[in-house]
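Student: Give the three-dimensional model of this entry:
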Amino acid sequence: MHLDTFMSLALKGTPFYGYNLPLLRRTLDTIKQEIAGYPFMVHYAVKANGNPRILNEIQQSGLGVDLVSGNEILAALKAGFDPGKMAYAGVGKTDREIEIGIDNDIFCFNVESEPEMEVINEIAARKGKTVGVAIRVNPDIDAHTHRYITTGTSADKFGIDLPMLDEAVDLAMKLPNLHLRGLHFHIGSQVTTIEPFKMLCDKINQLLEHFEKRGISFEMIDAGGGLGVNYEQPEKNPIAPFHDFFEVFKKGLKLRQGQMVHFELGRSIVAQCGALIAKVVFVKQNAAKKFVILDAGMTDLIRPALYNSHHKIVNLTSQEKEIDTYDVVGPICESSDVFGTDQQLPMTRRGDIIAILSAGAYGESMASTYNMRSLPQSHFID
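Tutor: Coordinates of the predicted model:
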């Protein structure tokens, strides 16, 4: 992670997001090697991190983008992404956002309801255009991840349930200003076992066979993303297991002639290249606990507070051999503003520099100004 360089950057002020661009490039190269020779297209999920320099690096690699808001479309266009490689998902697209996508001739809207199809068709007709769409299917597959980032079960708000899918496909094919490209799936995020992806392949194969019997074929399948990263040992596992992930789809999908498979990877591309760098403001001793209090808080990295998620925490400056146990917390006026409890760290003092690793995804992109705090800057190792 080039943590020594991040330590020197701390002289410019903390907290900040530090990004290792060589690691990002190695990650992108690994993805391109894994999909070479296969009818696969990878879209980067901009929601994971929309920093302009990160977007520029990913655009140069040739990936497309997965987008979930009109402003993300505009950011991707500004970064130079090809509209023909843009897929726009989201359960609540506004008319303005739909118009942005149509006006810029994006590749595909991933539609999530029949009312959405009708609205897109109406706006497209008004503009004299035909719009590519894929129907997001709720496959009712449990991804065995946190309930807040599970998206593919019957209890989730996303997608069209299987019993309603035939009717939705019929409507999409009937509406004159829609071009039905295919089916879209996404079962959840931070999926760390391969089994849910195998189940997804089985479900896709069943649906392809079902619609083939109806005389309906699709030019593409969007299998979504969700591949997890190793938050426990990020330094030993800087690149996600892309080989295992893509191998499931290479072996498991029964593609028809000319069919493309699209993927939406976000966290697995950027999580490990980023860290949140902070300074120790105080070390506080209570009756039962020792607290390391940082100048970064849940406003800068909300995942631990929101999902009770784990990030490895490293003291970059302490030379002490003695290890002590601390709760590492932020300054926000919320009891949930905790980065880690019972953390084993070398003896830590005021002024020490702390790195919270694997913060490249859903750190900067979910930051807020709660408590009227300033947003951190970003620094890059190139």
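Student: Only C-alpha atoms from now on, for both contacts and neighbour counts.
Tutor: Fine.
Student: average pLDDT for stretch 309-325?
Tutor: Mean pLDDT, stretch 309-325: 96.
Student: got any ranges where the stretch 51-200 of the chain has weak pLDDT?
Tutor: 142-157 (pLDDT under 70).
Student: was I right about V338 contacting V328?
Tutor: Yes - if you go by CA atoms under 8 Å, V338 and V328 touch, sitting 6.2 Å apart.
Student: Dump stretch 333-351 to CSV, restricted to CA.
Tutor: Output of stretch 333-351 as CSV, limited to C-alpha atoms (Å, rounded to 0.1, in the frame of the first residue of the first chain):
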residue,chain,number,x,y,z
CYS,A,333,-21.3,13.2,18.3
GLU,A,334,-22.7,9.7,17.8
SER,A,335,-22.0,6.5,19.8
SER,A,336,-21.8,4.6,16.5
ASP,A,337,-18.7,6.6,15.4
VAL,A,338,-16.3,3.7,16.0
PHE,A,339,-13.8,2.3,13.5
GLY,A,340,-12.9,-0.7,15.6
THR,A,341,-13.2,-2.2,19.1
ASP,A,342,-10.5,-4.1,21.0
GLN,A,343,-7.8,-3.3,18.4
GLN,A,344,-4.4,-4.6,19.1
LEU,A,345,-2.0,-1.7,18.3
PRO,A,346,1.5,-0.7,19.3
MET,A,347,1.4,1.7,22.2
THR,A,348,-0.3,4.8,20.6
ARG,A,349,0.1,8.4,21.5
ARG,A,350,-1.3,11.8,20.5
GLY,A,351,0.0,12.8,17.1
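Student: Could you shift the numbering so residue one becomes 16, and keep it that way?
Tutor: In the new numbering, first residue 16, that becomes stretch 348-366.
Student: average model confidence for it?
Tutor: Across stretch 348-366, the average pLDDT comes to 98.
Student: Which residues does that stretch contact?
Tutor: For stretch 348-366, contacts defined as CA atoms under 8 Å, 6 or more residues apart in numbering pick out 294-298, 307, 312-313, 319-320, 325-326, 328-330, 333-346, 386.
Student: So which of these are in strands?
Tutor: Judged by DSSP state E, the subset of the contacts of stretch 348-366 located in strands is 294-298, 307, 328-330, 338-344.
Student: out of those, which are buried?
Tutor: Buried members of those, scored by 16 or more other CA atoms under 10 Å, are 294-298, 307, 328-330, 340-344.
Student: could you dump the residues you listed to a markdown table with distance to V285?
Tutor: Shown next, in a markdown table, are those (distance: CA to CA, whole Å):
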| residue | distance to V285 |
| --- | --- |
| K294 | 23 |
| V295 | 26 |
| V296 | 28 |
| F297 | 31 |
| V298 | 31 |
| V307 | 27 |
| I328 | 18 |
| V329 | 19 |
| N330 | 22 |
| T340 | 30 |
| Y341 | 28 |
| D342 | 27 |
| V343 | 24 |
| V344 | 24 |
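Student: which of the residues you listed lies closest to L223?
Tutor: Of all those, L223 sits closest to I328, with 45.6 Å by CA to CA.
Student: need the contact list for the nearest residue to the closest one once chain neighbours are set aside.
Tutor: Nearest non-adjacent residue to I328, counting by CA to CA, 6 or more residues apart in numbering: I371, 4.7 Å away. By CA under 8 Å, 6+ apart, the contact set of I371 is A290, L291, I292, H326, K327, I328, V329.
Student: Cool, thanks, signing off.
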